[in-house]
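K.L.:
Take this sequence and fold it.
(one chain, ligands or ions: 1)
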Amino acid sequence: MPKLKQIEFLGIEFTPPCRDELPSLARKNSRWQGSTEIPEMEKSEKRRNLSEGYRRGWMLQNTSLYLKIEQNPLFNEAYEKAQGVDVFSILPKQRMFNLFLMITEGLLGLENQNIIEFGSYKGGTAIFFSVLLNRLSPNSKVFALDTFEGIPTSDSALDLHKKGDFADCSRKILEQRCSELGITNLMIIQGKFQDTFMQVKNMTESFGLVHIDCDTYSSVSFAQEAVWPNLCTGAYLVYDDADSSSCLGATQAMEEMIISHRIHCEQAWPHFVFRKESQNVMKSLTNGIFNDILQNRRQTRLFKTDPVSKDILDSILLQMHGAPSVGNCKPWRIVEIKSPQSLLLLKENYFSANKITKSFLPKGKVSAYNNLNLEGFLSAPIQLSVFTETKPSAGFRQGWATFPDALKHSTISAIHTLWLAAINENLGFAWNSTFYAKKMEEQFARSGTWEFTAHVSIGFPAEKLLRPRHEITGFQEDQKLERYEV
Ligand SMILES: Cc1cc2nc3c(=O)[nH]c(=O)nc-3n(C[C@H](O)[C@H](O)[C@H](O)COP(=O)(O)O)c2cc1C
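P.N.:
Next up, the predicted model:
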């Protein structure tokens with residue numbers, strides 16, 4: 001283990017304790033007097049096993065478990081081989097203990113034991129994995145990915161490490177060391193992960209453990225997303241640098257992984273460790289999100305006037321633009337109603353159309369109709385009128401030459417996609433058709449071939465409705481689904 005350098009801080013020089021010493025420091029300061037047994041925890045529906053996470057983390061930090069591991073001949077063999085002169089691991093020893101526990105106690109029970117490491121640098125940790133797998137799962141492989149020329153790119157706004165850091169390593173020396181040690185299960189893959197990962201995927205179907213040790217946002221971000229679909233159920237996702245103070249880019253990438261995959265860690269010390277859930281759990285998680293979005297997809301009747309950022313609007317419009325359309329012609333055209341004159345025209349159009357709408361109401365319904373707060377949409381900060389191009393050039397009239405309504409159907413599917421995308425951003429959304437359509441075309445369309453399809457309003461909601469306001473206010477009964485068989 002290389003000794004840490006002297007550091008000068010506020011004029012004081014000190015040598016930080018080597019991280020190897022931390023477990024004993026923790027024990028000395030610990031007031032823990034009770035049992036070091038970690039009870040078997042209730043199994044959660046997720047694949048992570050908190051009982052295992054506590055056992056590894058708590059016991060390594062506060063008990064003499066590490067002494068037992070240090071006395072283990074297999075650990076010693078792997079650790080010694082991993083600490084050569086030019087080829088060595090810079091991982092603190094607690095992390096080696098932790099990896100040893102994951103491999104010997106968990107990995108062997110999984111359907112796949114291949115290990116992949118993103119960022120192998122001097123190769124010591126990869127050798128550690130190879131020695132262990134050689135004994136415990138001789139048909140499995142270790143894939144060590146690195147440029148062996150240092151960090152390929154870094155983002156100065158996020159990463160402290162710079163392009164070219166960690167270049168003092170060599171693929172050749174690592175290969176030599178492997179041949180000296182008789183290691184044959186270590187696949188050394190040189191290049192940027194983006195260029196080499198496909199090659200690895202062609203060599204194996206899945207992995208049981210991934211060790212992410214590549215320091216920068218873009219590398220960690222690519223590695224975790226690329227490997228995630230290829231992890232077997234229960235596989236270990238281990239971050240080496242996401243908790244390091246010099247790798248906040250790696251931390252951000254890990255945070256994004258947590259948010260986008262809704263995972264929770266099994267262990268937070270000495271490593272962040274996550275487990276791959278089974279497909280069933282993934283399905284129930286995504287079902288949960290989908291159900292939430294559908295439940296919250298209600299017409300917003302009351303908006304806050306707070307602005308919505310341009311980035312959010314751009315991103316939901318982009319999601320909308322992925323909606324299905326006849327002949328893929330994407331006939332929707334969006335006009336943002338922004339200027340005070342245009343907003344006034346919109347208002348006038350709505351109120352005169354609403355007068356006509358009201359004239360159709362039965363007498364007893366007028367006051368309930370007024371309680372629906374239908375004009376609430378006018379206070380939303382974003383007002384978009386949506387038109388359909390009725391003569392789109394894209395798509396060669398495929399699908400609509402004989403059925404022109406399909407063009408409007410496509411725009412409607414895009415509006416619905418926009419609605420769901422807005423809900424996903426915790427925005428409110430209102431869809432309105434109470435307008436004179438011809439007037440909307442005259443006033444806002446940019447071409448004579450555009451037909452008004454809908455007006456939508458977007459902003460932050462000032463109320464949460466879980467059922468249609470028409471039903472809550474008693475204006476209307478719940479409409480039952482009509483289904484027939486013939
Ligand atoms: C094609 C279409 C046109 C609509 N037009 C109006 C409208 O002119 N005014 C209005 O207040 N709501 C309008 N809505 C919203 C419906 O009133 C609302 O979806 C319905 O009452 C069910 O409520 P919910 O969306 O909250 O579930 C429209 C919805 C659709 C799909």
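
K.L.:
Surely residue 333 and residue 446 touch.
P.N.:
Yes. Between residue 333 and residue 446 there is a contact under C-beta atoms under 8 Å: 7.2 Å. (Each C-beta comes from the backbone N, C-alpha and C, glycine too.)

K.L.:
if you count what's nearby, which of the two comes out ahead?
P.N.:
residue 333 (19 against 10; other C-beta atoms under 10 Å).

K.L.:
How about the contacts made by the more buried one?
P.N.:
386-389, 445-447, 450 (C-beta atoms under 8 Å, 6 or more residues apart in numbering).

K.L.:
What residues are bridge-paired with it?
P.N.:
Note on residue 333: beta-bridge partners residue 387, judged by DSSP bridges.

K.L.:
so does whichever strand or helix holds residue 346 get close to the ligand?
P.N.:
Using DSSP states H and E, residue 346 sits in helix 340-359. No. Judged by C-beta under 6 Å from any ligand atom, helix 340-359 stays clear of the ligand, getting no closer than 7.8 Å.

K.L.:
Give the partner strands of the helix or strand in which residue 189 is found in its sheet and their orientations.
P.N.:
Assessed by DSSP H and E, residue 189 sits inside strand 186-190. Strand 186-190 sits in its sheet next to strand 142-146 (parallel), going by DSSP bridges.

K.L.:
residues of the strand it pairs with that come out buried?
P.N.:
Judged by neighbour count using 16 or more other C-beta atoms under 10 Å, the buried positions of strand 142-146 are 142-146.

K.L.:
cool, and stretch 422-437?
P.N.:
422-425, 427-432, 434-436.

K.L.:
Those residues: which two are farthest apart?
P.N.:
424 and 436 (32.5 Å; C-beta to C-beta).

K.L.:
can you give me the strands in the stretch 301-450 of the chain?
P.N.:
332-336, 382-389, 428-432, 450-459 (DSSP state E, counting those that start in this stretch).

K.L.:
and which of the contacts of residue 333 is nearest the ligand?
P.N.:
Checking the contacts of residue 333 against the ligand with C-beta to the nearest ligand atom, the nearest one is residue 386 at 10.7 Å.

K.L.:
middle-most residue in the protein, spatially?
P.N.:
residue 260 (2.0 Å; C-alpha atoms, centre = their mean).

K.L.:
Mind pulling up the pLDDT for that one?
P.N.:
Residue 260 is assigned 82 on the pLDDT scale.

K.L.:
Okay, it and the ligand: tell me how far apart.
P.N.:
Applying C-beta to the nearest ligand atom, to the nearest Å, the value for residue 260 to the ligand is 28 Å.

K.L.:
in what helix or strand does that residue lie?
P.N.:
Per DSSP H and E: residue 260 is located in helix 248-261.

K.L.:
that older thread, next, the angle strand 428-432 makes with the helix holding residue 346.
P.N.:
For helix 340-359 against strand 428-432, the angle by axes from the mean of the first three to the mean of the last three C-alpha atoms, to 10 degrees is 60 degrees.

K.L.:
and helix 340-359, how far from the chain's centre?
P.N.:
Averaging C-alpha positions (C-alpha atoms, centre = their mean, to the nearest Å) puts helix 340-359 43 Å from its chain's average.

K.L.:
picking that back up, tell me which of the strands of the stretch 301-450 of the chain sits nearest to residue 109.
P.N.:
strand 428-432 (47.4 Å).

K.L.:
which other residues reach that closest one?
P.N.:
297, 299-301, 303, 350, 376-377, 380, 415, 418-419, 422-423, 454-462.

K.L.:
Restricted to buried residues, select those in ChimeraX.
P.N.:
In ChimeraX syntax, the buried subset of these is picked out as below (16+ other C-beta under 10 Å):
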select :299,300,301,303,350,376,377,380,415,418,419,422,423,454,455,456,457,458,459,460,461
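
K.L.:
For the ligand, see how far away residue 458 is.
P.N.:
14 Å.

K.L.:
As a markdown table, the strands of the stretch 301-450 of the chain with mean pLDDT would be great.
P.N.:
Compiled in a markdown table, the strands of the stretch 301-450 of the chain are given as follows (pLDDT from 0 to 100):
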| stretch | mean pLDDT |
| --- | --- |
| strand 332-336 | 98 |
| strand 382-389 | 98 |
| strand 428-432 | 97 |
| strand 450-459 | 98 |
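
K.L.:
Figure out which of these is closest to residue 468.
P.N.:
Of all those, strand 428-432 comes closest under C-beta to C-beta, at 12.3 Å.

K.L.:
May I have the closest one as PDB, with CA atoms only?
P.N.:
C-alpha atoms of strand 428-432 as PDB (Å, rounded to 0.1, in the frame of the first residue of the first chain):
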ATOM      1  CA  GLY A 428     -49.500  20.600 -14.700                       C
ATOM      2  CA  PHE A 429     -51.200  20.300 -18.100                       C
ATOM      3  CA  ALA A 430     -54.500  21.400 -19.600                       C
ATOM      4  CA  TRP A 431     -55.900  20.500 -23.000                       C
ATOM      5  CA  ASN A 432     -58.500  22.900 -24.500                       C
END
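
K.L.:
count of neighbours near residue 76?
P.N.:
Neighbours around residue 76, by other C-beta under 10 Å: 12.

K.L.:
isn't residue 427 right up against residue 312?
P.N.:
Yes. Residue 427 is within contact range of residue 312, at 7.4 Å (criterion: C-beta under 8 Å).

K.L.:
Against the centre of the protein, work out the most remote residue.
P.N.:
residue 363 (52.6 Å).

K.L.:
Flag every residue of the stretch 251-400 of the chain that's near the ligand.
P.N.:
So far as C-beta under 6 Å from any ligand atom goes, the stretch 251-400 of the chain lies against the ligand at 298-299, 374.

K.L.:
So what's the residue count around residue 467?
P.N.:
Neighbour count of residue 467, defined by other C-beta under 10 Å: 10.

K.L.:
Give the closest residue to it in space, chain neighbours not counted.
P.N.:
Counting by C-beta to C-beta, 6 or more residues apart in numbering, residue 467 lies nearest to residue 298, which is 7.4 Å off, once chain neighbours are set aside.

K.L.:
quick one: pLDDT of the closest residue to residue 417 other than its chain neighbours?
P.N.:
If the residues on either side of it in the chain are set aside, residue 417 comes closest to residue 323, at 4.1 Å by C-beta to C-beta, 6+ apart. Residue 323 is assigned 97 on the pLDDT scale.

K.L.:
show me what contacts residue 323?
P.N.:
Contacts for residue 323 (C-beta under 8 Å, 6+ apart) come out as 330, 332, 410, 413-414, 416-417.

K.L.:
Ok, residue 66 next?
P.N.:
23, 60, 93-94, 97.

K.L.:
Just put the strands of the stretch 301-450 of the chain in JSON lines and tack on distance to residue 202.
P.N.:
Formatted as JSON lines, the strands of the stretch 301-450 of the chain follow (distance: least, C-beta to C-beta, whole Å):
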{"stretch": "strand 332-336", "distance to residue 202": "41"}
{"stretch": "strand 382-389", "distance to residue 202": "44"}
{"stretch": "strand 428-432", "distance to residue 202": "45"}
{"stretch": "strand 450-459", "distance to residue 202": "45"}
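
K.L.:
what's the most distant pair in the contacts of residue 333?
P.N.:
Farthest pair in these, by C-beta to C-beta: 386 and 447, 14.0 Å.

K.L.:
The two: who's more crowded?
P.N.:
The residue with more neighbours, out of residue 386 and residue 447, is residue 386; 22 against 11, by other C-beta under 10 Å.

K.L.:
got the contact list for the more buried one?
P.N.:
332-335, 411, 414-415, 452-456.
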